[in-house]
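> Generate coordinates for the sequence data below:
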Amino acid sequence: MRTCGFRNIVRMLTVAAVTVSPLAISACSMDRPTWVNGQRVELHQSSETTRLPVSEINDARLAGIAAHYRSSGEGAVYVTVTYDPKSKSNTAMKASGEAARISTYLRRKGAAEVTSDILPINNSGNNSEALITYDAVTAHAPRDCNAMGGLDGGETHSDEDYRYGCTIEMQLARQIANPKDLKGRDGLRPEEADGRRQANIVEDHRTGEPNAALEGESASQ
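Residues are numbered from 1 along each chain as shown. This next block holds a predicted model:
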């Protein structure tokens, strides 16, 4: 009798546990916000402007501007040179010559589209200025991402809002030499975008096989 009574008690406790367990599990949610960053490097578009006296726009300065444009610039480059209508030395003709010089150098160094102009400014004196402007693409860490404590001179402390992986994305963004390449084919010139086409052009020469002769088309009478 004692054994049967004990078995009944165990059976009742087992049934109660099975009945209560789903309720207990449903009350405990496993849905928690992640602490891991799920975003990647972002591209930001801005306007790059260089404003200097024309006397300082030498080949070394233009080489630096052209290098930055090749890596980050896109679209047209606008060159504006000022002159003073009342000046005998800072004339419109001289400004036109300087604008042509700057534009020619930038085209030769990779800026496909350069638009130049001259701008009259009264009482500006004998020294003209050059304004070089173009759109630029830069790589940045994902928004709302900050460096972990101890980096970039920051204080080492506990940051409950820090998302793991943000610092890695920040470092990657800083190492990207040509940010506009991340845009894919849209960021490349047509002759650079299609690698297969370029390979096909030289394939016959590489294998030593001559290209087939081109034949014209004919129409029936």
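
> Neighbours of the nearest residue to Lys109 once chain neighbours are set aside, how many?
In space, and not counting its chain neighbours, Lys109 is closest to Ala66: 3.5 Å by C-beta to C-beta, 6 or more residues apart in numbering. Just so you know, the C-beta spots here come from the backbone N, C-alpha and C atoms, and that holds for glycine as well. Ala66 has 20 neighbours, counted by other C-beta atoms under 10 Å.

> mind checking the SS state of Ala66?
Assigned with DSSP: H, G, I helix; E, B strand; the rest coil, Ala66 falls in the helix class.

> which stretches of the protein have low pLDDT?
Low-confidence segments of the chain (pLDDT under 70): 1-35, 148-163, 185-221.

> tell me which residues in stretch 95-106 are buried?
Residues of stretch 95-106 classed as buried: 95, 98-99, 101-103, 105-106 (neighbour count, 16 or more other C-beta atoms under 10 Å).

> Asn122: which of these is nearest?
Proximity of the buried residues of stretch 95-106 to Asn122 (C-beta to C-beta) peaks at Ala95, which lies at 13.9 Å.

> For the closest one, what is the enclosing helix or strand?
Assigned by DSSP states H and E, Ala95 falls within helix 92-108.

> Which strands and helices lie in contact with that helix?
Applying 3 or more C-beta pairs under 8 Å, 6 or more residues apart in numbering; DSSP states H and E, one finds that helix 92-108 contacts helix 59-72, strand 73-83, strand 114-120, strand 129-140.

> how about the CA coordinates for it, as PDB?
What follows is helix 92-108, C-alpha atoms only, in PDB (Å, rounded to 0.1, in the frame of the first residue of the first chain):
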ATOM      1  CA  ALA A  92      40.700  88.400 -68.000                       C
ATOM      2  CA  MET A  93      43.200  87.100 -70.600                       C
ATOM      3  CA  LYS A  94      45.600  86.000 -67.900                       C
ATOM      4  CA  ALA A  95      42.800  84.300 -65.900                       C
ATOM      5  CA  SER A  96      41.800  82.400 -69.000                       C
ATOM      6  CA  GLY A  97      45.300  81.200 -69.500                       C
ATOM      7  CA  GLU A  98      45.600  80.000 -65.900                       C
ATOM      8  CA  ALA A  99      42.200  78.300 -66.100                       C
ATOM      9  CA  ALA A 100      43.400  76.500 -69.300                       C
ATOM     10  CA  ARG A 101      46.600  75.500 -67.700                       C
ATOM     11  CA  ILE A 102      44.900  74.000 -64.600                       C
ATOM     12  CA  SER A 103      42.300  72.200 -66.700                       C
ATOM     13  CA  THR A 104      44.800  70.700 -69.100                       C
ATOM     14  CA  TYR A 105      46.900  69.300 -66.200                       C
ATOM     15  CA  LEU A 106      43.900  67.800 -64.500                       C
ATOM     16  CA  ARG A 107      42.600  66.200 -67.700                       C
ATOM     17  CA  ARG A 108      46.000  64.700 -68.400                       C
END
